[in-house]
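Chemist: Provide a 3D model corresponding to the input given below.
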Amino acid sequence: MDIKLPEEVKEILEKFQKAKFQIYIVGGAVRDLIMGREVNDWDFTTDAKPEEILKLFPEGFYDNKFGTVGVSPLAISYSLLAAKSEIYEITTMRKEGVYKDSRHPVEVSWTNKIEEDLKRRDFTINAIALGFPSVILNEAKRSEESPTNVGLKQAFEAVSPQAESVQRSFANAQDDNYIIIDPFNGQQDIKNKIIRAVGDPAKRFQEDALRLMRAIRIAAQLNFEIEEKTLQAIKENSLLIKEIANERIRDELFKMLESDNARLPSPDGEAPGGQAYEGIIKLKEAGILQIILPEVERCFGIVQEGPKHDRVYDIGEHLFLALKHTPTTDPLVKLAALLHDVGKADTVEIASDGNVTFYQHDVVGGQIVLQITRRFNLSKKQTDRIYRLVRWHLFTVDENQTDSAIRRFIKNVGLENIEDMMAVRIGDRLGGGTQNAVSWRMEEFSKRIKEVLKKPFSISDLKINGSDVMKTLQIKPGPKVGEILQKLFEEVLEDSSKNDSDYLSNRIKELA
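Modeler: As a prediction, the model looks like this:
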């Protein structure tokens, strides 16, 4: 394994080594290094206590009882001003007691044994530590069981309670510059593409119910399968997800949704990515989807099309397929694709001939989305964006549309959301069985939007202005002037022929 560490990571390791503390890279960073993936989150564990870590990094911060100190690149070295802005988490090795609220341990206790720390972790692929010879030798020198001058392997065995796992780790290590501590065969599970809980899977999920979603999310991100006993434990403990804060659930869901590759289907019909799609399927199979997104779950079993159609999907299947085919990595747009037709469950009508309609499902769906955004505590900006993508997804694509109709579409969707709306439309089309991602009408519609945008239209383009309003109504400057101009502007957006000074002057009096 070729290990290339960022300078700030090296500085963290060196600072602990000089202070004679153990220090290991742990968690997803080790997993990604083994897999040859880019590492985005570097986590460390050490036998140094939080107060000792803060002595090494006085600008770090520590405001929890779980031994985690946050350190920014600036706190590591002033020479790293151009480094990434992420926070590096350095946690004291710990053992955990009984858990409460399906999320947090009641108490923790510190340890200086890395195996003790690893066995409390969630999955075998995350229960691997990466250490370095100087760190191991430093610990050996402090151990009464070891002489000062010993070989690396013997030094580590002298301070480790699990010689067998150490020997296995050394056998897997490929370089004298590092050592892999892997007491739960995580490397083998990485090789076999397996998500497996550490120890008893039911106990792991009962300790922290967020792990139910983490297992599925990581499997989706890495294209791994969940081991049978672990998957069964997820299903049996799915109701525990109710104990988790909606914001935590939202974060895991968004990580899952952004795992896809953003590209259109290839000419042979291969779908883009599909990781998020597979993850959502697993959430449904595990019984978690009906808890976190009941609005989607209730769409299954409702027929999407009438009997005359060759291919018939129910609404839930269509939503899943729309998600699968939406070419973006933006989790909010992916979520919009998954939710775009949720209003159909409340608006379905089946005629005597079997024809199915969903009148105003876009309006109803927009209101449902607002409920979901409140539940997930999305920001005002995020809420507005996803609402627009769902509320206006039924826009008409017609090569004969007027400029005013195009402007109305832009106003409803938002100029900044047009590309996202087109992605949702592609997912909607392909998720309904259509073979081509973009129709010729869609291409023409996109051209028309670009043409209209070259001729921007605003209140300042009206044939009258605020002075005309004040003169006609004999009023002073104030909110009334702006209100009348806005109403006139909306009328002209609907019909550009109304942008006539005589017509607008008469309308000023009528609107007063």
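Chemist: what's near enough to touch the residue found closest to Lys509 once you drop the neighbours it is linked to in the chain?
Modeler: Distances taken as CB to CB, 6 or more residues apart in numbering place Thr472 nearest to Lys509, at 6.5 Å, with adjacent residues excluded. (Each C-beta comes from the backbone N, C-alpha and C, glycine too.) Taking CB atoms under 8 Å, 6 or more residues apart in numbering as the criterion, Thr472 is in contact with 505, 508-509.
Chemist: which of the residues you listed fall in helices?
Modeler: 505, 508-509 (DSSP state H).
Chemist: element containing Gly316?
Modeler: helix 315-325 (DSSP states H and E).
Chemist: and the gap between the residue nearest to Ile508 when sequence neighbours are not counted and Thr328?
Modeler: Of all residues not flanking Ile508 in the chain, Thr472 sits nearest, at 4.8 Å (CB to CB, 6+ apart). Distance, Thr472 to Thr328, using CB to CB, to the nearest Å: 49 Å.
Chemist: got it, and Glu491?
Modeler: Using CB to CB, one obtains 36 Å as the distance from Glu491 to Thr328.
Chemist: then Glu8?
Modeler: Taken as CB to CB, the span from Glu8 to Thr328 is 32 Å.
Chemist: higher neighbour count, those two?
Modeler: Thr328 (24 against 21; other CB atoms under 10 Å).
Chemist: just confirm the more buried one is within a helix.
Modeler: No - under DSSP: H, G, I helix; E, B strand; the rest coil, Thr328 falls outside any helix and is assigned coil.
Chemist: got phi/psi on it?
Modeler: phi -160, psi 160 (degrees, to the nearest 10).
Chemist: helix or strand right after the helix or strand of the chain with the lowest mean pLDDT?
Modeler: Least confident helix or strand, the chain: helix 163-172 with a mean of 40, by mean pLDDT, DSSP states H and E. As assigned by DSSP H and E, the chain's next helix or strand after helix 163-172 is strand 179-181.
Chemist: who are the packing partners of that following strand?
Modeler: helix 114-118, strand 129-131, helix 163-172 (3 or more CB pairs under 8 Å, 6 or more residues apart in numbering; DSSP states H and E).
Chemist: hmm, back to that, sec struct for the residue nearest to Ile508, please.
Modeler: Criterion first, three-state DSSP; result for Thr472: helix.
Chemist: and it, how close does it get to Val71?
Modeler: For Thr472, the distance to Val71 - CB to CB - is 66 Å.
Chemist: can you check Leu54 too?
Modeler: Taking CB to CB, one finds Leu54 at 9 Å from Val71.
Chemist: mind splitting this structure into its structural domains?
Modeler: 7-192, 299-453, 459-511 (automatic domain parsing).
Chemist: including distance to Arg211, could these go into a markdown table?
Modeler: Below are the domains of the chain laid out as a markdown table (distance: least, CB to CB, whole Å):
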| stretch | distance to Arg211 |
| --- | --- |
| domain 7-192 | 5 |
| domain 299-453 | 20 |
| domain 459-511 | 51 |
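Chemist: weakest of those domains by average pLDDT?
Modeler: Comparing mean pLDDT across these, the lowest value falls on domain 7-192: a mean of 73.
Chemist: what are the ranges of the strands in this structure?
Modeler: 23-26, 43-46, 68-71, 88-92, 94-96, 99-100, 104-105, 108-110, 129-131, 179-181, 194-195, 225-226, 349-350, 356-357 (DSSP state E).
Chemist: list the buried residues in the second one.
Modeler: This points to strand 43-46. The neighbour-count check on strand 43-46 (16 or more other CB atoms under 10 Å) flags 43-46 as buried.
Chemist: ok, the residues you listed vs Glu285, which is closest?
Modeler: When these are compared for distance to Glu285 (CB to CB), Asp43 wins out at 30.3 Å.
Chemist: what sits against the spatially closest residue to that closest one that is not a sequence neighbour?
Modeler: In space, and not counting its chain neighbours, Asp43 is closest to Gly27: 4.5 Å by CB to CB, 6+ apart. By CB under 8 Å, 6+ apart, the contact set of Gly27 is 41, 43, 121, 126.
Chemist: let me see the contact set for the second one.
Modeler: Neighbouring residues of Asp43 by CB under 8 Å, 6+ apart: 25-29, 88-91.
Chemist: tell me the two of the residues you listed that are most distant?
Modeler: Spanning the widest gap among the contacts of Asp43 are Gly28 and Ile90, at 15.2 Å by CB to CB.
Chemist: so for those two, which residue has more residues nearby?
Modeler: Ile90 (26 against 19).
Chemist: distance of the closest residue to the more buried one other than its chain neighbours from Leu394?
Modeler: Closest residue in space to Ile90, ignoring its immediate chain neighbours: Phe44 at 4.5 Å, by CB to CB, 6+ apart. Per CB to CB, Phe44 is found 51 Å from Leu394.
Chemist: what does Ile218 give?
Modeler: 36 Å.
Chemist: ok, the two, which is more surrounded?
Modeler: Ile218 (24 against 16).
Chemist: measure that one to Met256 for me?
Modeler: Distance from Ile218 to Met256, by CB to CB: 9 Å.
Chemist: next one: Pro294
Modeler: 18 Å.
Chemist: these two: who's more crowded?
Modeler: Each of Pro294 and Met256 has its neighbours counted (other CB under 10 Å); Met256 has more, 27 against 11.
Chemist: what sits against the more buried one?
Modeler: Counted by CB under 8 Å, 6+ apart, Met256 has contacts 213, 216-217, 220-221, 275-276, 279-280.
Chemist: which residue is the nearest non-sequential neighbour of Lys15?
Modeler: Leu56 (5.4 Å).
Chemist: residues in contact with that neighbour?
Modeler: 15-16, 19, 48.
Chemist: report the two of these separated the most.
Modeler: Greatest spacing in those, by CB to CB: Lys15 and Ala48 (10.2 Å).
Chemist: and these two? Which one has more around it.
Modeler: A side-by-side neighbour count of Lys15 and Ala48, using other CB under 10 Å, places Ala48 first with 24 against 17.
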